[in-house]
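Chemist: Predicted structure and sequence below. I'll ask about it afterward.
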Amino acid sequence: MTGEPNAPRVPAFVRTESLPQRPAPVSERGVIGWMHAHLFSSWLNAALTVVGLYVIVSVAWSVIDWAILRGIWDGADREACLSTDRATPAGACWAFVRAKFPQWVYGLYPLDQRWRVNIVYIVGALALIPMMIPSAPYKRANALFLLIVYPILTLILLTGGHFAIEASDWLLLVILLAIALVLIVLLGRGAGMVDVPSALRLWVKVALGLVLLYALLGFDFGMVAVETSLWGGLLVTLVVAITGIVASLPIGIILALGRRSRLPVVRMLSIMFIELWRGVPLITVLFMASVVLPLFMPAGTSVDKLLRALIGVALFSAAYMAEVIRGGLQAIPKGQYEAAAAVGLPYWRMMQFIILPQALRIVIPGIVNSFIALFKDTTLVSIIGIFDLLGILHAGLADARWSTPQTAATGYFAVALIYWIFCFSMSRYSIFMEHRLGAGMRR
Amino acid sequence: MSAVTDEVRARDSRTSFWNDPKIRGILSQALLILVVGWFAWEIIDNTVTNLQERRIASGYRFLENTAGFGIVQTLIPYSEVSSYGRAFVVGLLNTLLVAGLSIVAATLLGFVIGIMRLSKNWLISKIAAAYVEVIRNVPLLLQLFVWYRAVLKSMPSPRESHSFADLFFVNNRGLYAPFPLFGSRMIWVLAALGLAVVLTAIFNIYAKRRQEQTGQRLPRLWVSVALILGLPALSLIINGVPVNFTYPELQGFNFVGGINMIPEFVALFLGLSIYTASFIAEVVRAGIQAVSKGQTEAGNALGLRGGSILRLIVVPQAMRVIVPPLANQYLNLTKNSSLAVAIGYPDVVATGGTVLNQTGQAVEVISLWMAVYLTLSLLTSGFMNWFNARIALVER
């Protein structure tokens, strides 16, 4: 027990130094080990692997053979894509895709005006990229640009601006602003319901913004007007999808708050709205927008076809957005509400400063998901005769100069690929955000 | 002292008229009702004026008028002299048919893919993942067109149709398959089936009670299967198998006999099942992964075998997580079946659309659509809620 601690008495037959480590057996390491563990761990698994391999190879081979080996890349019309000998039928007709691609991107937008669409695409991409990178600075300014400046810019550039804003429109604006001013003063002075100085500051901002907007919309920039019936392809797909998501966010927030409100009338109306829209398919909503909406309008007013579809899509996706946001609101612990109430914040302040920032942060993946769903659903507008990407593809398929046995398959393949790239990258981004937002929750 | 509090109270009550949440609530709700009511009034007023201008009588009277258009697939007798109402019912039945069959197929395929994704075999799980990621990220409408226009419409003509075992034929007019024709004595077989179901229910109640009292388990599953399959089979044999099959046969330019599924139906069925299956696969995967590993380990510790662990421990708990989102997918599928209008399958939206174009009764037709889909939604979610409540965890 005691003895000298430095010289332990070790019997001669016990090793004093450890053996060098030997590598793991071949069957457990490297490629072979990995394959053993993941592909051939049992007879059943080995059989499944073989079947799976067969499926993958046969599918991959037929796609490569059709799309690349037998694919036809150049040609001015259908002659190129018709096979000359019967033994080897022609593969994918990429010449068709190349010929129609500008239409897929711009629709029937006049050739000499396409720079306007290009600006919209480029500015949108430049503004969106820093928005999506979490570490990029000036998020608030960036978001304001994307949600307010960019839509107005897009509207003016795409349509050509120079809207007919008449004296009566200005008069209506002035009257509305005056009413708001009177309400602020009355409610502030008389009842003490609003803080007059801050409300006035807000009023000035809103008034300036609206006057500027009216002036901009009415201003003649000297651009040719392009009707929405000429828009098409990816342009319309993006316009419908982005308008849908941007418009549905605020409406969705209001509806979600309404659904959780303690006021019975507000709650009932919100639930009715949400369930009604969520209960019916989008296609009936679009039919409604294209057929019934004109009936609802005062006689003599006509609303643009695309705008009608946009209204339908926006209201439809607002109902879904409301449910996504409600999920976020329900995930906020009750303590947050109680703490806000304890500090003395009134309802709207509580929502603005405490609840909504947290709730919206939680549901960013949900919002991205509903955006993906909306992006896919934009194809439905082709049913009511709007030429989105799918609609323009069909217009191209009807072109007799390109009617070959492979045209349809190639067209569908290429357009499906475009949709897939958009949706898949969005879903990856949503997963990335989920991991990032979840970082604070993990221990 | 009391004078001070009285004064405070008095001042309180003076300011509290505006700040009282109750009064504020009532005021804002009254305002909301006014705005919504004005909005509704405006819409109704405009609609009435517009309809009068176009000389369209409102109301559902038009449903009794003669439709005058044909429908390619009808489950109930229908001809061009039938009424609009009947055309609507035909469409509704077609919707129910395609939605019901697709739900079954999508569930089966979805469970298979979902379980494949959890396979220990790397290749198999990657194949399932690729399926989900590809199918989920391509619009359903595009997939329907691919099935309808690129696959089914490019099939050969009836004379050169693909055949499977000379019983099933696929060509550009759809899918032809044998179909059973039932004799009059079939009623006895149906009666036997009914009896079997009743007996099974009684036996299950008895077995459950017995297990609760004595702890002994009777082989409920096997007895039920034997009853439900055996009794009708016995009855079939006794009655001399009153079933004849008609087989599709090529006569002239087309097939005669058997059952013909039109290409529109096949495309819609394939598109809906394959698309929804990718979502159901994710639901199933999430559900199974939600059962903690400790549950499986506990089952192992009790000495249960793999199959029993799956059947008695993992699946029942996973089902609790799976059922609510699964119900959502069923609803989505039913609503998505309305895309039929794009490829010309006569579902309730497509037939309704034709009625709308012919009569101009837009408001009425859309109200009927809404009624149909809202009812289907409510029925599905009602059933699923009931099922969910049955299998939900009973907490103490």
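Modeler: Received the coordinates, thanks.

Chemist: all contacts plus neighbour counts: C-alpha atoms, from now on.
Modeler: OK.

Chemist: Number of residues surrounding residue B:217?
Modeler: Burial of residue B:217, expressed as a neighbour count using other C-alpha atoms under 10 Å in any protein chain shown, amounts to 11.

Chemist: which stretch of helix or strand covers the nearest residue to it once chain neighbours are set aside?
Modeler: Nearest non-adjacent residue to residue B:217, counting by C-alpha to C-alpha, 6 or more residues apart in numbering or on different chains: residue B:211, 5.5 Å away. Under the assignment given by DSSP states H and E, the secondary-structure element containing residue B:211 is helix B:186-214.

Chemist: Buried residues, that helix. List them.
Modeler: Applying a neighbour-count criterion of 16 or more other C-alpha atoms under 10 Å in any protein chain shown, the buried positions in helix B:186-214 are B:186, B:188-189, B:192-193, B:195-197, B:200, B:203-204, B:207.

Chemist: contacts with chain A among those, please.
Modeler: Restricting these to those touching chain A (C-alpha under 8 Å from any C-alpha of the partner chain) yields no residues.

Chemist: For those residues, please prepare TSV with the additional fields pLDDT.
Modeler: Listed next are the buried residues of helix B:186-214 as TSV, based on pLDDT from 0 to 100:
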residue	pLDDT
B:186	75
B:188	80
B:189	80
B:192	84
B:193	86
B:195	88
B:196	87
B:197	89
B:200	88
B:203	87
B:204	86
B:207	86
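
Chemist: and stretch A:436-443, average pLDDT?
Modeler: Confidence for stretch A:436-443, expressed as mean pLDDT, is 64.

Chemist: interface residues of the stretch 301-443 of chain A facing chain B?
Modeler: Going by C-alpha under 8 Å from any C-alpha, the residues of the stretch 301-443 of chain A near chain B are A:376-377, A:379-380, A:383, A:390, A:408-409, A:412, A:416-417, A:419-420, A:423-424.

Chemist: give me that answer again for 10 Å
Modeler: Of all the residues in the stretch 301-443 of chain A, those in contact range of chain B (C-alpha under 10 Å from any C-alpha of the partner chain) are A:372-380, A:382-384, A:390, A:394, A:405-413, A:415-427.

Chemist: Need the three-state assignment for the residue of the stretch 301-443 of chain A at minimum distance from chain B.
Modeler: Scanning the stretch 301-443 of chain A for proximity to chain B using C-alpha to the nearest C-alpha identifies residue A:376 as nearest, at 4.7 Å. At residue A:376 the chain is in helix, as set by DSSP: H, G, I helix; E, B strand; the rest coil.

Chemist: Counting neighbours, what do you get for it?
Modeler: Other residues within reach of residue A:376, judged by other C-alpha under 10 Å, total 23.

Chemist: ok, now residue A:387?
Modeler: Here the neighbour count serves as a burial measure; for residue A:387 (other C-alpha under 10 Å) it reads 28.

Chemist: Name all residues that make contact with it.
Modeler: For residue A:387, the contacting residues are A:104, A:107-108, A:229-237, A:306, A:379, A:381, A:393-395, taking C-alpha atoms under 10 Å, 6 or more residues apart in numbering or on different chains as the criterion.

Chemist: where does it fall, phi/psi-wise?
Modeler: phi -90, psi 80 (degrees, to the nearest 10).

Chemist: what's the pLDDT at it?
Modeler: Note for residue A:387: predicted pLDDT of 90.

Chemist: just residue B:14 next, same as before
Modeler: Residue B:14 is given a pLDDT of 51.

Chemist: hang on, the earlier thing: mind checking what helix or strand follows the helix holding residue B:211 in sequence?
Modeler: Immediately after helix B:186-214, counting by DSSP H and E, sits helix B:220-238.

Chemist: for that following helix, the distance to its chain's centre please.
Modeler: Centroid separation for helix B:220-238 versus its chain: 29 Å, with C-alpha atoms, centre = their mean, to the nearest Å.

Chemist: State the mean pLDDT of that helix.
Modeler: This predicted structure assigns helix B:220-238 an average pLDDT of 81.

Chemist: Which strands or helices does it pack on?
Modeler: helix B:186-214 (3 or more C-alpha pairs under 10 Å, 6 or more residues apart in numbering or on different chains; DSSP states H and E).

Chemist: relative to helix B:220-238, how tilted is the helix it packs on?
Modeler: Angle of helix B:186-214 versus helix B:220-238, following axes from the mean of the first three to the mean of the last three C-alpha atoms, to 10 degrees, is 160 degrees.

Chemist: Can you name every helix or strand that helix B:186-214 contacts?
Modeler: Taking 3+ C-alpha pairs under 10 Å, 6+ apart as the contact definition, the neighbouring helices and strands of helix B:186-214 are helix B:220-238.

Chemist: Run through who's touching the helix it packs on.
Modeler: B:185-186, B:188-201, B:203-208, B:239-243.

Chemist: Which single residue in the stretch 51-200 of chain B comes nearest to chain A?
Modeler: Using C-alpha to the nearest C-alpha, the single residue of the stretch 51-200 of chain B nearest to chain A is residue B:139, 4.7 Å away.

Chemist: Tell me the confidence at that residue?
Modeler: Predicted confidence (pLDDT) for residue B:139: 95.

Chemist: Is it correct that it is in contact with residue A:412?
Modeler: No: in terms of C-alpha atoms under 10 Å, residue B:139 does not count as a neighbour of residue A:412; the distance is 11.1 Å.

Chemist: what touches both of those two?
Modeler: Between them, residue B:139 and residue A:412 share the contacting residues residue A:390, judged by C-alpha under 10 Å, 6+ apart.

Chemist: Just the contacts of residue A:387: which are in helices?
Modeler: In helices, judged by DSSP state H, the following of these are found: A:104, A:234-237, A:306, A:393-395.

Chemist: Give me the buried subset of the residues you listed.
Modeler: Neighbour-count burial (16+ other C-alpha under 10 Å) is assigned, among the ones in helices among the contacts of residue A:387, to A:104, A:234-237, A:306, A:393-394.

Chemist: quick one, helices of the stretch 251-400 of chain A?
Modeler: Taking DSSP state H, counting those that start in this stretch as the criterion, the stretch 251-400 of chain A contains helices spanning A:264-279, A:282-287, A:293-296, A:305-331, A:334-343, A:347-350, A:356-362, A:364-377, A:389-397.

Chemist: Quick check: pLDDT value at the closest residue to residue A:230 other than its chain neighbours.
Modeler: The shortest distance from residue A:230 to any non-neighbouring residue, by C-alpha to C-alpha, 6+ apart, is to residue A:108 (4.9 Å). At residue A:108, the model reports a pLDDT of 87.

Chemist: bridging residues for residue B:177?
Modeler: With DSSP bridges applied, the residues forming beta bridges to residue B:177 are residue B:259.

Chemist: Run a quick neighbour tally on it.
Modeler: Each residue near residue B:177 was counted by other C-alpha under 10 Å, and the total is 21.

Chemist: out of the helices of the stretch 251-400 of chain A, which comes closest to residue B:74?
Modeler: Nearest of those to residue B:74, taken as C-alpha to C-alpha: helix A:282-287 at 22.0 Å.

Chemist: So which residues of the stretch 51-200 of chain B form helices?
Modeler: B:84-117, B:122-136, B:140-145, B:186-214.

Chemist: Compile those helices into JSON lines and extend it with columns for distance to residue A:268.
Modeler: Shown next, in JSON lines, are the helices of the stretch 51-200 of chain B (distance: least, C-alpha to C-alpha, whole Å):
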{"stretch": "helix B:84-117", "distance to residue A:268": "30"}
{"stretch": "helix B:122-136", "distance to residue A:268": "34"}
{"stretch": "helix B:140-145", "distance to residue A:268": "33"}
{"stretch": "helix B:186-214", "distance to residue A:268": "42"}
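
Chemist: Out of these, which gets the lowest mean score?
Modeler: Between the helices of the stretch 51-200 of chain B, the one with the least mean pLDDT is helix B:186-214; it has a mean of 86.

Chemist: Just give me how far that one sits from the chain centre.
Modeler: For helix B:186-214, the gap between its own C-alpha mean and the chain's C-alpha mean amounts to 28 Å (C-alpha atoms, centre = their mean).

Chemist: Which pLDDT does the model give residue B:254?
Modeler: The score at residue B:254 is 71. That number is its pLDDT.
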